[in-house]
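Q: predicted model and sequence below, questions to follow.
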Amino acid sequence: MAALRHICISDLHLGASYSLLTGIDGAGHVAPGARCETLVALMDALASTLVPLCDDEPPTLVLLGDVLDMGLSPMNTVSQAFRMFLRELARLRSQGLRLSPRIRVVPGNHDHHLWRMAQDQSFVSRARSGAVDADMPQMTTLMDVPGRSWPSCELLAALAGTEPGLGDLSFELAYPNFGLVDAARRRAVVLHHGHYVDPMYRAMSILVEHQTPRPPHAPPRPLTVEQIEARNGAWVDFLWSDLGNAGAVGPESEKLYEIMRDAGASQRWSQHLARWITERLGETLDVAAVMPLIQGVTVQQAVSGVVDATLVRGAEAQRGDYRRLVTPDDAAHLRWYLGGAVTTQLKSEGIDPQDIDLRFVYGHTHKPFEDELPVPGLARPVKVYNTGGWVMDQPTMTSPQGAAIVLIDGDLNLASLRLFNDPVHGASPAVHAAGTGTPSDRDNPLVLALDQALAHHAGDWEHFTRCVVAAAQRHARELLDEFFDPSAGGGDIGPSRHHARPPMAVNGGCA
């Protein structure tokens, strides 16, 4: 077996109160600067398990989006939580699991602001060189090939610089895709957080598509990653990656996020949100709500239509999704992204998608899985791995929700370290190794090696499982308490995160 080269984890949502990896204090209150026992148990188990898979070249940690919950939490809160993550990372290194000092960061929808900061830094550099009068191309990245430079994430590097023993770390940004290719250019892995697979985050592209004439029943035009980001990046920032620092708007933004993922989302709230957005446009850009845009459609009507087409319908579509890993619509959107944006980007790198054995790793859905997906236009099915997530999305436990870490070896074999699923009836499946389970993956050497390593350290992983189950159950109880808060919304039963939280009981020292 080739040695381990990449360790991919996503959707930690550090700093968010609903994250299973945000610390709590001795009284059971959310405290981003406190140690999280679930995170401690995870790092301890990883240190003992992954060392046998490594050689003299340390593997690279890939943070695959939504590691920071900047959309819902203030910058100082997510920074405190990330520093606690860094301290556990330092302990991981001290326990013998050497990691590359070059950490790869692939932003998601909740920490997309990290990419926006890098774009701003790039523009400042161009301004210093006098190049501001030239066209500035849309920044995108893909293949990790020798000699290619990557934008730096100065915020995360600054936080690491304050922690003892971590001053050597650098954080290199890749967005929206990060790619690996073997020497023969016959096998490739593409990693993406997953938000652009979700149509909710392509709302501006959908709006443009609806306003662009095309023959009846013609399929949507394929978009490049540059076009997707250019049209939708500001939309992602506005509602999902930049409201954590919005002061009094912050609690309202968190309520909005809950409504998007909650079956209780209402048309009344969508109308309220549309009015709020229109008012902000009027205050900041002097845009009147009744101003006509296209074919007599007013600003107010356009905003209402976008909110309804993305947030409300997205919430409605997700109501039945908690019980299914991948719905037919989900699979269609995956095929759209893989067969369009990813294929086009591979071609731009001189890689023929017909000759490549393609693997795709993403998160975002908080539902880990491994499978193969036939994609029109590609000769082979794509091996798809999802890294899941570390949050309680709803107050009831559903078995598809959970988290995994995807490992990649030097031959670009993939294995999923399946860490937990929601503890239905108080129990979560044991930590285990998984591949796609398909004939082409039957003899996957990385899955076999990981399975053997797990067997030798079962006790460490049993302790981790107890911790994460306790944390999930505690967060579920808290969500139920808040959902049935009669003081929310003027007497209506519904989510109310802006009210004071009751202390959370700590179960067996694991949180």
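A: Structure's in. What do you need? Residues are numbered from 1 along each chain as shown.

Q: in the stretch 151-300 of the chain, where is pLDDT below threshold?
A: 210-222, 241-273, 280-297, 299 (pLDDT under 70).

Q: which residues in it form helices?
A: Under the criterion DSSP state H, counting those that start in this stretch, helices of the stretch 151-300 of the chain are mapped to 154-161, 203-211, 225-236, 249-260, 267-285, 299-307.

Q: for the biggest helix by length in the chain, buried residues please.
A: For the chain, the longest helix by residue count, based on DSSP state H, is helix 458-483. Across helix 458-483, burial judged by 16 or more other C-beta atoms under 10 Å covers 460-461, 463-476, 478-479, 482-483. C-beta coordinates here come from the backbone N, C-alpha and C atoms, glycine included.

Q: so which helix or strand takes in E370?
A: Element membership for E370, per DSSP states H and E: strand 369-373.

Q: what average pLDDT does that strand get?
A: If you average the pLDDT over strand 369-373, you get 96.

Q: and the angle for the helix or strand following that strand with strand 369-373?
A: Sequence order places strand 382-386 as the next helix or strand after strand 369-373, per DSSP H and E. Compare the direction of strand 382-386 with that of strand 369-373 by axes from the mean of the first three to the mean of the last three C-alpha atoms, to 10 degrees and you get 160 degrees.

Q: list the contacts of strand 382-386.
A: 194, 334, 338, 358-363, 365, 367-375, 404, 406, 414, 416, 436, 438, 440-441 (C-beta atoms under 8 Å, 6 or more residues apart in numbering).

Q: need phi/psi at L63.
A: Main-chain dihedrals, L63, degrees, to the nearest 10: phi -90, psi 100.

Q: for it, which non-adjacent residue is spatially closest?
A: With C-beta to C-beta, 6 or more residues apart in numbering as the criterion, L63 has its nearest non-adjacent residue at 4.9 Å, and that residue is V105.

Q: wait, that neighbour touches H112, no?
A: No: if you go by C-beta atoms under 8 Å, V105 and H112 don't touch, sitting 11.4 Å apart.

Q: all strands in the stretch 301-450 of the chain, in order from the N-terminus.
A: 357-362, 369-373, 382-386, 402-409, 414-421, 432-434 (DSSP state E, counting those that start in this stretch).

Q: give me the contact list for the second one.
A: Okay, so that is strand 369-373. 325-326, 331, 334-335, 338, 381-386, 400, 416, 434-438, 440-441.

Q: from what I see, I408 and V181 are in contact.
A: No: I408 is beyond contact range of V181, at 11.9 Å (criterion: C-beta under 8 Å).

Q: who's more crowded, those two?
A: For I408 versus V181, neighbours defined as other C-beta atoms under 10 Å are more numerous around I408 (25 against 21).

Q: what's the spacing between the residue lying closest to that one once chain neighbours are set aside and T298?
A: Nearest residue to I408, sequence neighbours excluded (C-beta to C-beta, 6+ apart): H6, at 4.0 Å. Distance of H6 to T298, given as C-beta to C-beta, to the nearest Å: 49 Å.

Q: quick one: buried residues of stretch 146-155?
A: Applying 16+ other C-beta under 10 Å to stretch 146-155 flags W150, P151, C153, L155 as buried.

Q: what's near enough to touch the third one?
A: For C153, the contacting residues are V105, L114, M117, A118, F171, E172, L173, by C-beta under 8 Å, 6+ apart.

Q: so it versus G167, what's the distance?
A: Applying C-beta to C-beta, the value for C153 to G167 is 15 Å.

Q: swap in V67?
A: 20 Å.

Q: same question, S73
A: Distance from S73 to G167, by C-beta to C-beta: 26 Å.

Q: ok, A127 next?
A: 29 Å.

Q: hmm, S19 and D69 touching each other?
A: Yes: counting by C-beta under 8 Å, S19 is a contact partner of D69 at 6.7 Å.

Q: give me the common contacts of these two.
A: In contact with both D69 and S19: H13, using C-beta under 8 Å, 6+ apart.

Q: more neighbours: which of those two?
A: Comparing D69 with S19 by other C-beta under 10 Å, the one with more neighbours is D69, at 30 against 27.

Q: and stretch 404-417, average pLDDT?
A: On average, stretch 404-417 scores 98.

Q: buried stuff in it?
A: 404-410, 412-417.

Q: quick one, domains of this protein?
A: Listed by automatic domain parsing, the domain ranges of the chain are 4-198+323-476, 199-322.

Q: tell me which of those domains sits most buried.
A: Most buried of the domains of the chain by mean neighbour count (mean count of other C-beta atoms under 10 Å) is domain 4-198+323-476; its value is a mean of 19.

Q: end to end, how far does it reach?
A: By C-alpha to C-alpha, to the nearest Å, the extent of domain 4-198+323-476 from end to end equals 35 Å.

Q: of the buried residues of stretch 146-155, which is the nearest to C36?
A: L155 (20.9 Å; C-beta to C-beta).

Q: got a list of what the closest one touches?
A: S79, L114, M117 are the contacts of L155 under C-beta under 8 Å, 6+ apart.

Q: again, only this time at 7 Å
A: Applying C-beta atoms under 7 Å, 6 or more residues apart in numbering to L155 gives the contacts L114, M117.

Q: and it, how far from L173?
A: 11 Å.

Q: give me the common contacts of those two.
A: Common neighbours of L155 and L173, counting by C-beta under 7 Å, 6+ apart, are L114.

Q: doesn't S100 belong to a helix?
A: No: using DSSP: H, G, I helix; E, B strand; the rest coil, the secondary structure at S100 is coil, not a helix.

Q: ramachandran angles for it?
A: Residue torsions, per degrees, to the nearest 10, at S100 are phi -60, psi 140.

Q: ditto for the one 4 residues further on
A: Its backbone dihedrals place R104 at phi -90, psi 130, with angles given as degrees, to the nearest 10.

Q: pretty sure it sits against N177.
A: No: using C-beta atoms under 7 Å, R104 is not in contact with N177; the gap is 11.8 Å.

Q: format the strands of the stretch 301-450 of the chain as CSV; extra columns: distance to P146.
A: Formatted as CSV, the strands of the stretch 301-450 of the chain follow (distance: least, C-beta to C-beta, whole Å):
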stretch, distance to P146
strand 357-362, 21
strand 369-373, 30
strand 382-386, 25
strand 402-409, 18
strand 414-421, 22
strand 432-434, 31
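
Q: what about the helices in the stretch 1-150 of the chain?
A: Under DSSP H, counting those that start in this stretch, the stretch 1-150 of the chain gives helices at 37-50, 75-94, 113-128.

Q: how many degrees apart are the first one and helix 458-483 in direction?
A: This means helix 37-50. Using the same axes, to 10 degrees: helix 37-50 against helix 458-483 is 150 degrees.
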